[in-house]
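*Asks:* Pasting a predicted model and its sequence here:
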Amino acid sequence: MFKLYIAGKITGDPHYSRKFSIAENSLRNAGFTVVNPAAALPEGMRPSDYIRICLLMLDLADGVALLDDWRNSAGAQIEQSIAAYIGLPIRPVRDWQNFLKDSVPMADPFVCVRQRAGPLVKALVTDNYAYLRRYGPNAVRGRCGPALSRTSLDKLELRLALFGYDGIFYSLNFDNAHLPANWAGVERVWDAFLKRLRRWSRKPVDFYVYRMEGLHGDHRYHIHAFLRDQDFPPAVVQYLWTWGNAYDVRWDRARVLSEGGYRGLAIYFTKETPEVGRHPWGCSRALSKYIPPPEVTTCKSGTVRLPKGATPLPMQGRDRPQLGDWGLYGYSRYLLPEK
């Protein structure tokens with residue numbers, strides 16, 4: 001049976017026993033085994049002794065039920081922090097009361113969402129079962145789970161990862177004779193360049209990402225593009241780009257690892273704030289169809305388990321589970337092992 005530890009304010013509250021007892025009864029009626037510290041602590045001990053006993057009780061629990069006043073208790077805040085650190089699911093008491101009504105096995109208290117794009121996998125573990133109901137195997141869902149593809153930067157990161165280790169980053173510069181006078185001129189050049197790419201390949205061009213810039217530095221217009229080497233190697237791009245110089249940087253596996261994945265490249269693509277009404281980047285309309293639906297499963301651990309041989313990528317401090325207003329969340333990014 002799933003065991004819940006109740007955390008809330010005790011010291012300074014003359015009615016704490018009744019408050020904890022009401023919460024215990026409601027959780028028992030919902031089908032949980034309840035660990036109630038207010039019913040087990042002897043009187044006359046020091047606060048430090050109480051917290052030591054409570055932490056031993058917390059260690060026996062499978063989850064934590066928070067009373068509304070838990071933020072007003074130093075001890076409850078310590079319990080919440082430790083529970084979040086070790087990956088226990090944490091919810092207010094009222095949320096736990098309806099938890100068993102969901103058609104979800106309580107043996108697996110967490111939901112794991114994995115979004116793959118090329119060799120990149122972005123993963124999320126949460127105790128918020130709304131993800132399973134909304135994005136689970138039998139649900140109607142979009143191609144990308146929320147929190148993994150929420151922002152424009154997240155979406156771009158996934159699309160860049162579709163290129164695998166075959167991508168080449170191009171800086172397409174204009175010489176003085178071909179420098180456009182305005183954005184409309186830059187767009188006409190890009191459209192003309194795309195037509196040349198399509199004529200050269202003699203088939204639809206699905207794999208390209210681009211960004212037009214000209215608001216930073218010397219304010220000189222230029223275009224960044226990301227193409228596959230198998231489609232358009234540097235010699236071909238330099239031949240087709242007749243408006244100036246084309247500089248290339250190959251994004252093979254060594255480069256991806258040295259940059260910590262594809263997010264750094266996505267940040268570089270979006271470093272310039274666009275004018276009002278302009279999207280910060282563009283790509284082929286067909287590129288999104290190569291992103292598979294997210295894999296949504298349940299799991300017993302509050303951490304993301306990496307496949308054997310996978311390479312973890314930095315998460316900028318988000319690799320540990322953190323408690324927010326919507327539940328406990330932990331994130332991970334990694335590269336799948338090469339076949």
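*Replies:* Received it, and whenever you're ready, just let me know what you need.
*Asks:* neighbouring contacts of stretch 10-18?
*Replies:* Residues outside stretch 10-18 that contact it (Cβ atoms under 8 Å, 6 or more residues apart in numbering) are 8-9, 19-20, 37-39, 41, 47, 50, 69, 73, 75. Heads up, the C-betas are built off the backbone N, CA and C, glycines and all.
*Asks:* Residue 41 versus residue 174, what's the distance?
*Replies:* Counting by Cβ to Cβ, to the nearest Å, the gap from residue 174 to residue 41 is 75 Å.
*Asks:* ok, and for stretch 184-193, which residues are buried?
*Replies:* 186, 189-190, 193 (16 or more other Cβ atoms under 10 Å).
*Asks:* CSV please, covering those residues and showing secondary structure.
*Replies:* Shown next, in CSV, are the buried residues of stretch 184-193 (DSSP: H, G, I helix; E, B strand; the rest coil):
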residue, secondary structure
186, helix
189, helix
190, helix
193, helix
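*Asks:* May I see the residues you listed organised as JSON lines, with distance to residue 86 and pLDDT added?
*Replies:* What follows is those, written out as JSON lines (distance: Cβ to Cβ, whole Å; pLDDT from 0 to 100):
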{"residue": "186", "distance to residue 86": "53", "pLDDT": "94"}
{"residue": "189", "distance to residue 86": "56", "pLDDT": "96"}
{"residue": "190", "distance to residue 86": "52", "pLDDT": "96"}
{"residue": "193", "distance to residue 86": "54", "pLDDT": "97"}
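*Asks:* all helices of the chain, in order?
*Replies:* Along the chain, counting by DSSP state H, helices occupy 16-29, 47-58, 74-86, 93-97, 130-135, 152-161, 183-201, 234-240, 253-258, 263-269.
*Asks:* what sits up against stretch 192-205?
*Replies:* Residues outside stretch 192-205 that contact it (Cβ under 8 Å, 6+ apart) are 172, 208, 223, 227, 231-232, 236, 240-241, 243, 284, 286.
*Asks:* Would you mind splitting this protein into its domains for me?
*Replies:* The chain breaks down into these domains under automatic domain parsing: 3-100, 102-148+294-335, 161-289.
*Asks:* which of the ones you listed has the lowest average pLDDT?
*Replies:* If those are sorted by mean pLDDT, domain 102-148+294-335 sits at the bottom with a mean of 69.
*Asks:* correct me, but residue 114 touches residue 293?
*Replies:* No - look at residue 114 against residue 293 with Cβ atoms under 8 Å: they stay out of range, at 10.4 Å.
*Asks:* Who has more neighbours out of these two?
*Replies:* A count of neighbours by other Cβ atoms under 10 Å puts residue 114 above the other of residue 114 and residue 293, at 19 against 14.
*Asks:* Contacts only, for that one.
*Replies:* Per Cβ under 8 Å, 6+ apart, neighbours of residue 114: 121-124, 294-297.
*Asks:* Would you mind listing the buried residues in stretch 270-288?
*Replies:* In stretch 270-288, counting by 16+ other Cβ under 10 Å, buried: 270, 272, 280-281, 283-284, 287.
*Asks:* what residues does it touch?
*Replies:* Stretch 270-288 is contacted from outside by 143, 152-153, 156, 159, 162, 183, 204-211, 213, 215-216, 269, using Cβ under 8 Å, 6+ apart.
*Asks:* Could you pick out the buried ones from those?
*Replies:* By neighbour count, with 16+ other Cβ under 10 Å, the contacts of stretch 270-288 hold 156, 159, 162, 205-211, 213, 269 as buried.
*Asks:* Dump those into JSON lines; add distance to residue 258 as well.
*Replies:* Formatted as JSON lines, these follow (distance: Cβ to Cβ, whole Å):
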{"residue": "156", "distance to residue 258": "19"}
{"residue": "159", "distance to residue 258": "21"}
{"residue": "162", "distance to residue 258": "20"}
{"residue": "205", "distance to residue 258": "28"}
{"residue": "206", "distance to residue 258": "27"}
{"residue": "207", "distance to residue 258": "22"}
{"residue": "208", "distance to residue 258": "24"}
{"residue": "209", "distance to residue 258": "20"}
{"residue": "210", "distance to residue 258": "23"}
{"residue": "211", "distance to residue 258": "22"}
{"residue": "213", "distance to residue 258": "24"}
{"residue": "269", "distance to residue 258": "18"}
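*Asks:* That concludes my questions; thank you for your assistance.
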